[in-house]
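Engineer: Fold the following, please.
(one chain, ligands or ions: 1)
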Amino acid sequence: MANDTSNTTKTSNKMWGGRFSAGPDAIMEAINASISFDKRMAAQDIAGSRAHAAMLAATGIIKTNDAEAIREGLLTVLSEIEGGTFEYSAALEDIHMNVEARLKEVIGEPAGRLHTGRSRNDQVATDFKLWVRDQFDAAEESLLALIRALLAQAEAGADWVMPGFTHLQTAQPVTWGHHMMAYVEMFGRDLSRMRDARARMNECPLGAAALAGTSFPIDRDATAKALGFDRPSANSLDAVSDRDFALEFLGAASICAMHLSRFAEELVIWSSAQFRFVALSDRFSTGSSIMPQKKNPDAAELIRAKIGRIFGANVALMMVMKGLPLAYSKDMQEDKEQVFDAADNLMLALAAMEGMVRDMTGNRENLAAAAGSGFSTATDLADWLVRVLGLPFRDAHHITGSLVGVAEAQGCDLPDLTLDQMQAAHAGITEGVFDVLGVDNSVNSRMSYGGTAPAQVRAQIARWKEVLE
Ligand code: ARG
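Structural biologist: The predicted model follows:
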């Protein structure tokens with residue numbers, strides 16, 4: 001009954017209501033309760049409680065048989081949650097108190113000993129960190145899968161020529177493999193950002209208690225280790241009020257999402273009838289209910305659109321945090337829905353992009369035809385004038401520009417001009433110039449490190465394969 005706020009709770013909260021004589025107003029309960037969304041952290045909450053209870057017993061703070069009862073009881077609660085029989089209560093506010101209240105029903109008195117030396121403030125920080133940490137791992141997996149799909153495309157078309165664009169105007173010919181590898185670089189940086197942030201966030205807040213630490217002789221190293229953290233966080237005030245880990249996730253997710261959106265945009269353009277650079281698979285396209293010829297790139301469009309939610313979450317959590325004095329404030333409860341939604345949509349977008357990339361077919365003929373149009377080898381002509389005739393580049397640029405003008409007026413491309421027409425622009429031009437006006441020659445000549453030549457592209461593919469092993 002997570003969302004049931006219709007009936008005003010008459011009694012005070014059984015977890016903290018000692019000093020209260022009346023229960024909350026229905027509206028208070030509605031604005032206060034987080035159980036409708038933080039129940040997603042149930043498994044993390046129970047893992048944190050198990051680690052805490054085991055530590056309390058090991059340090060002699062609670063009795064071993066109480067810890068044993070707590071452990072068994074928590075496992076029962078977990079199986080109820082996983083089995084879908086657990087009854088959530090908005091009156092109990094959040095996942096932490098829902099679990100503890102149910103534990104009390106299952107095992108009785110020992111349940112009340114679990115919260116010794118702990119607060120919901122360090123508890124929620126721990127649960128949320130565990131949840132976000134899983135998202136870093138999931139993002140890493142998805143990014144690796146996407147990178148592998150891009151590498152396969154790059155390998156298949158390492159020497160396919162296509163137009164390279166600046167301002168979305170034909171600039172110079174590039175290779176399909178080179179274009180795919182550009183995205184490998186971007187998603188590779190995303191991967192490294194996720195890994196950096198994950199390493200930085202892996203400190204355990206548990207044991208910071210409400211804000212100041214605790215007078216009980218707890219063992220924070222033990223709980224940190226049990227939960228897979230590298231160490232306990234070093235300052236209890238910071239531990240309960242820090243949400244950098246969530247912001248770093250949203251920041252890394254936002255940049256990754258921006259990359260996904262740019263690629264999605266290219267796929268929308270490339271799959272149009274005007275471009276026909278790629279055919280997207282039926283599995284990642286949809287049809288129109290009225291126009292029988294249509295095959296729409298909906299997955300790419302939705303990736304492009306969903307990205308806004310991730311940026312929005314990033315800004316929203318920044319806004320939540322920016323005005324908060326130390327340490328915990330209830331504002332921080334607003335962290336979760338943003339991150340949950342952003343993570344869900346990032347994983348979906350990554351998976352959809354991986355599927356589209358794996359399935360798509362580059363149209364080699366159309367790519368090649370487009371590569372040769374739009375005076376794409378004008379720079380090669382200018383470079384030839386510099387290299388062979390020894391002209392200053394600025395003069396070469398000017399002569400080439402005049403030849404583009406001639407070709408344009410004639411409605412043809414640069415390789416279609418006659419030697420006479422060329423020589424009218426500069427008398428020194430020889431037959432040899434036509435070699436560099438070919439698209440294949442153009443890309444093969446771009447052998448500088450990181451350039452578009454197939455040999456360079458293949459070297460980058462090999463390097464990435466090594467990195468991934
Ligand atoms: N549901 C709360 C949250 O998500 C748990 C922490 C409550 N702490 C408190 N001092 N009221 O932030």
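Engineer: Please report how far residue 80 lies from residue 368.
Structural biologist: Taking C-beta to C-beta, to the nearest Å as the measure, residue 80 falls 62 Å from residue 368. C-beta: built from backbone N, CA, C; applies to glycine.
Engineer: and if you look at residue 252?
Structural biologist: Distance, residue 252 to residue 368, using C-beta to C-beta: 37 Å.
Engineer: what's the answer for residue 167, then?
Structural biologist: Residue 167 sits 22 Å away from residue 368, going by C-beta to C-beta.
Engineer: With neighbour numbers in mind, choose between those two.
Structural biologist: Between residue 167 and residue 368, counted using other C-beta atoms under 10 Å, the more crowded position is residue 368 (17 against 6).
Engineer: element containing the more buried one?
Structural biologist: Applying DSSP states H and E as the criterion places residue 368 in helix 364-372.
Engineer: For that helix, buried residues please.
Structural biologist: Of the residues in helix 364-372, those buried by neighbour count under the rule 16 or more other C-beta atoms under 10 Å are 364, 366-368, 370-372.
Engineer: what does the chain have sitting close to the ligand?
Structural biologist: By the criterion of C-beta under 6 Å from any ligand atom, the positions of the chain lying close to the ligand are 34, 38, 94, 120-121, 124, 328, 330, 332-333.
Engineer: Mind doing that once more with 5 Å?
Structural biologist: 34, 94, 120, 124, 333 (C-beta under 5 Å from any ligand atom).
Engineer: Among those, which one lies nearest to residue 113?
Structural biologist: Set against residue 113, the nearest of the residues of the chain next to the ligand by C-beta to C-beta is residue 120 (16.0 Å).
Engineer: what's around that closest one, how many residues?
Structural biologist: Residue 120: 21 surrounding residues under other C-beta under 10 Å.
Engineer: Just the pLDDT at it, thanks.
Structural biologist: The score at residue 120 is 98. That number is its pLDDT.
Engineer: neighbours of the nearest residue to it once chain neighbours are set aside, just the number please.
Structural biologist: Computed as C-beta to C-beta, 6 or more residues apart in numbering, the closest residue to residue 120 that is not its neighbour in sequence is residue 96, at 5.1 Å. The number of residues packed near residue 96 is 25, by other C-beta under 10 Å.
Engineer: Now name the helix or strand holding residue 96.
Structural biologist: Using DSSP H and E, the element containing residue 96 is helix 95-107.
Engineer: After that helix, which helix or strand is next? Please name it.
Structural biologist: Heading C-terminal from helix 95-107, the first helix or strand you meet, by DSSP H and E, is helix 120-156.
Engineer: Against which helices or strands is that following helix packed?
Structural biologist: Here helix 120-156 touches helix 42-58, helix 95-107, helix 176-201, helix 236-241, helix 244-270, helix 335-359, helix 454-468, going by 3 or more C-beta pairs under 8 Å, 6 or more residues apart in numbering; DSSP states H and E.
Engineer: Tell me which of these sits nearest to residue 313.
Structural biologist: Ranking the helices and strands packed on helix 120-156 by proximity to residue 313 (C-beta to C-beta) places helix 335-359 first, at 3.9 Å.
Engineer: about what we covered before: the residue nearest to residue 120 against residue 118, yeah?
Structural biologist: No. Residue 96 is not in contact with residue 118 according to C-beta atoms under 8 Å; the separation is 9.8 Å.
Engineer: Tell me which residues touch whatever residue of the stretch 251-400 of the chain ends up closest to the ligand, please.
Structural biologist: Of all residues in the stretch 251-400 of the chain, residue 333 sits closest to the ligand, at 3.6 Å by C-beta to the nearest ligand atom. Contacts here follow C-beta atoms under 8 Å, 6 or more residues apart in numbering; on that basis residue 333 touches 34, 38, 94, 124.
Engineer: These into TSV, with extra columns for neighbour count, pLDDT and distance to residue 205?
Structural biologist: Converted to TSV, the contacts of residue 333 look like this (neighbours: other C-beta atoms under 10 Å; pLDDT from 0 to 100; distance: C-beta to C-beta, whole Å):
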residue	neighbour count	pLDDT	distance to residue 205
34	20	97	18
38	27	98	16
94	26	97	16
124	26	98	9
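Engineer: Out of those residues, flag the one nearest to residue 150.
Structural biologist: Proximity of these to residue 150 (C-beta to C-beta) peaks at residue 38, which lies at 36.3 Å.
Engineer: Name all residues that make contact with that closest one.
Structural biologist: 94-95, 124, 127, 333, 336.
Engineer: what helix or strand does it sit in?
Structural biologist: Following DSSP H and E, the helix or strand that holds residue 38 is helix 35-38.
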